[in-house]
Structures are given as C-alpha cells and as structure tokens.
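# Here is my input, please return the structure:
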Amino acid sequence: MMNTILTDEAVATIKHKLVHNLKRLKTAVKWVIFSILSGVLVGMIGIAFYLGMAYVTGMRFAHPWLILLLPAGGVVIVWLYHIFKDEHDEGTNLVLSAIQSGRRIPLRMAPLIFLSTLITHLFGGSAGREGAALQLGGSIGNSLGRLFRFDEKDQHIMIMCGMSAAFSALFGTPMAAAIFSMEVVSVGIMHYSALLPCVISALTAHGLALHFHIMPPFYEIHELPPFTIGSAATISLLAILCALVSILFCVALHGCEHLYRRFITNEYLRIFTGGCIIVLLTALVGNQHYNGAGVETISRCFDGSIAPEAFLLKIVFTALTLAAGYKGGEIVPTLFIGASFGCLFGGWLGFSPSLCTAVGMTAVFCGVTNCPITSLLISFELFGLEGMPYFLLAIALSYMLSGYHGLYRSQKIMYSKFKTNYINKQTQ
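Residues are numbered from 1 along each chain as shown. Below you'll find the model as predicted:
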C-alpha cells in the first residue's frame, strides 16, 4: 500500500515538473520570437537612423556655413514637439522611468527623436546618437509590448529589448548593448529575466547592421606596457582624474539646464539663444571639432594629436547644446571627453597615449553612466582583450569615486558604492 502511495506521489511530482518545464520552454520560445522581432524592427530603424546621421554629418562637413542655421533648427525642433503635443519631453529619463514604474512611452517619441537628432547634427549641435537610440528602441519596444498585450513586467522587458537592439545597431557593440539596458536602470539590481531577450535582440540588430555593411568601430592601442605596479599606479591616477572629469560633465550638463530654465522660460527663445551661443563659440574656437558627435576626433586621440583644452571645450559645447533643448545623446560626447583627456594625460606623462586614451574613454563612460559591467564589455569590443587589467582597474576606481552623479536623473543607485547598504537614491 505504501509503495502504491509513493508511486502516486512520484507520478504527481513528475507531472508537476513536466508542467513547469513546459511553461519555461513556452516562455523561452516566446521571448526568442519576440526578441528576434524586436531586433529586426528596431535594428532596421536604427540602421536608417545611422545612415541618416552619416548623411547629415557629411552635409555639415561639406557645407560648414550650416552652423549659422543652428538657432533656426532649434526652433523647428521645439515646434515639432509642440505639434505632436510632447512639449514636456523627458527623453531617456522617461524610458528609464517606464521600466521602473510602468509609465507609458508614447510611440510618437520615435519619429520625434529621429528627426530632431538629425536636425541637431545637420546644423552643428554638440550631441551624440546613442541617447536617441535608447529613446527610439524604448519607444518601439514599449509599443510592441502593448500591441501584443503583454503584462506590465513583460512590457518592461520589451523596452529593454528595444534599447539593446538600437544601441547594438548604431554602435556595433552587442555585448555592451545587451547588458547596458539591464544595468543602467537600477544600478546594483539587474533583471536577469531580460538577459536572453536582450542578448537575442542585440545580436539580431548587430547582424542586420553588418549585413548593410555598417562596421563596428575598433581602435588600436599602439603601445601596451606590461602590467606592473608602476603602470597600475599610473592608470589608477588617470582613473581618479577621469572620475572627477565625469562629475564635472554631469554637473555642467545639469547646471546649464537649470540656468537655461531659470532665466529663459520660453522654450523657443531658450533653444534659439542656445543655438546662438554655440554659433558664437564655434566662431571663437575657429573650427568645428567640437560640433556634432566628434567620432573623427576620437580617432585622432589615438595618434596623440589633440588640443590640450579639447575635453573642456567638448564639455562646454555638449552641455550648452543639450541643456538648451537640442536632441541627441551624451554617450559619444562622453567618449570624446574621456579620449581627449586620456590622450592629454598620456602625453604629459609619456605613458602610452593610446592606452590612456582607451582607458579614459571607458573610465569616464563608467563615471557618467554608473555601469561598470557595460563599461568593461565595451572596452573589450572597442579595444580588444589585451588591455583588460588596465580597463578593469580604471573602471572599478572610476565607478566608486564618481559618487552618485549621473547623466540620467531617473537612474537609481540601489546599493551604496562604499558599503553594502541599500540606499535606493536617484543620481545627482
């Protein structure tokens, strides 16, 4: 009798496990399908955005006088957001808030950020492109989740899938793209349920980009010294300074935004004034090295040919552009700032300027995004694995010493950077 009871219990246990395994398999299949769909759709839009960015950047290089139209372009951007009834646009902060609290991301954010970023770059505003990619991907991912009637938590995963796909298609770093959307929302807590969907979306979008001959960037470190106590100390000093630079950039960005809003309440006048300031600064500098994203200047940093004041000027140009209301992103300007500061540091000390350029890029990126895992992955994808000890050390120091500053005000730091304390505070 006992054997019969045990056998019945064993059968019930086996059935229970089979049901659970089938549910897991069904969930996995669902996310594979929708991740591929997200990767294809967002990837194609990201590719179109990349090609559009390349076209308008080429136009600006060919016709430098277009910078004079930046104030008028700004007015058009504000008008577009007014027409689409999105005057209080929160940008990437809205995407992060949607993942945290379930706020809805309107689909109109995608075409708005697409067009307004192209306008910003055509006329010489200092901005990046990845911030726009996050908004594109988040908006489309959220809309896909609503279309297929996903519950709130699954919609959050779809938003992260879209962010990963857009980031991967534009920047060509699928590993960093997959992790960034999971890490940036709540620092210290990662939603690993989104890992498979984000990885598949990022790889799908990256494969599409390669199909359309959009090659990922790769920067060669010309001289890689042996990792010794002396070289580690030098890189540690650079990382400490990069943490301070990242704080300076965040403070400048948020400070300029506060000043603009305090003294110029009208959005049209604010962006027009900001555009006039950028035009005037460009004339004073005498070149357009600090307008646009500045990708070409990053390449020059690896050859050691950069002006000493370059990182400061890029901070000023970017803060004044984005705070005035122009659209784009902060990530490529962040890499520009880190690269130019690292190159300057390496040149001063005579310590492998190309290595210091690479370390500066990853350390400042980590300082402003508070994403150490993403920073390490992006260093591997941009520079290879050979410099791993330097990147690892610099990222760890920059993450701790940059404090609770960050590019995105909606980002939350869940655990203290100094103790194992739960703090749940927003970045400054």
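
# By mean pLDDT, which helix or strand of the chain comes out lowest?
helix 92-101 (a mean of 72; mean pLDDT, DSSP states H and E).

# what's downstream of the top helix by length along the chain, the next helix or strand?
Longest helix of the chain, by residue count under DSSP state H: helix 2-62. Once helix 2-62 ends, the next helix or strand along the chain (criterion: DSSP states H and E) is helix 70-83.

# Averaged pLDDT, that following helix. What do you get?
Averaging pLDDT along helix 70-83 yields 93.

# Please apply the same query to stretch 195-208.
Stretch 195-208 comes out at a mean pLDDT of 94.

# Centre of the chain to that stretch, how far?
Per C-alpha atoms, centre = their mean, to the nearest Å, the displacement of stretch 195-208 from the mean C-alpha position of its chain is 16 Å.

# and it, which residues are buried?
By 16 or more other C-beta atoms under 10 Å, the buried positions in stretch 195-208 come out as 195-206, 208. C-beta: built from backbone N, CA, C; applies to glycine.

# now for those residues, which pair is the farthest apart?
Leu195 and Leu208 (20.7 Å; C-beta to C-beta).

# quick one on the thing from earlier: give me the distance from the longest helix of the chain to the chain's centre.
Distance, stretch centre to chain centre, for helix 2-62: 23 Å (C-alpha atoms, centre = their mean).

# For that helix, enumerate the helices and strands it packs against.
helix 109-122, helix 130-147, helix 152-171, helix 195-211 (3 or more C-beta pairs under 8 Å, 6 or more residues apart in numbering; DSSP states H and E).

# These: which one's closest to His82?
Between the helices and strands packed on helix 2-62, helix 109-122 lies closest to His82; by C-beta to C-beta that is 10.7 Å.

# by contact count, what packs against the closest one?
So helix 109-122, by 3+ C-beta pairs under 8 Å, 6+ apart, packs with helix 2-62, helix 70-83, helix 130-147.

# most packed of the ones you listed?
Ranked by mean neighbour count, the helices and strands packed on helix 109-122 are led by helix 130-147 with a mean of 26 (mean count of other C-beta atoms under 10 Å).

# chain center to that one, what's the gap?
14 Å.

# Report the inter-axis angle for that helix versus helix 92-101.
40 degrees (axes from the mean of the first three to the mean of the last three C-alpha atoms, to 10 degrees).

# between helix 130-147 and helix 109-122, what angle do the directions make?
170 degrees.

# Which neighbouring elements make contact with helix 130-147?
Against helix 130-147 (3+ C-beta pairs under 8 Å, 6+ apart) you get helix 2-62, helix 92-101, helix 109-122, helix 152-171, helix 331-349.

# What ranges in this structure fall below the confidence cut-off?
1-6, 8-12, 16, 20, 86-89, 98, 100, 102 (pLDDT under 70).

# OK, contacts around Leu349?
Leu349 is in contact with Thr234, Cys356, counting by C-beta atoms under 8 Å, 6 or more residues apart in numbering.

# so how far is Thr234 from it?
According to C-beta to C-beta, to the nearest Å, Leu349 and Thr234 sit 7 Å apart.

# Kindly report the same for Met361.
17 Å.
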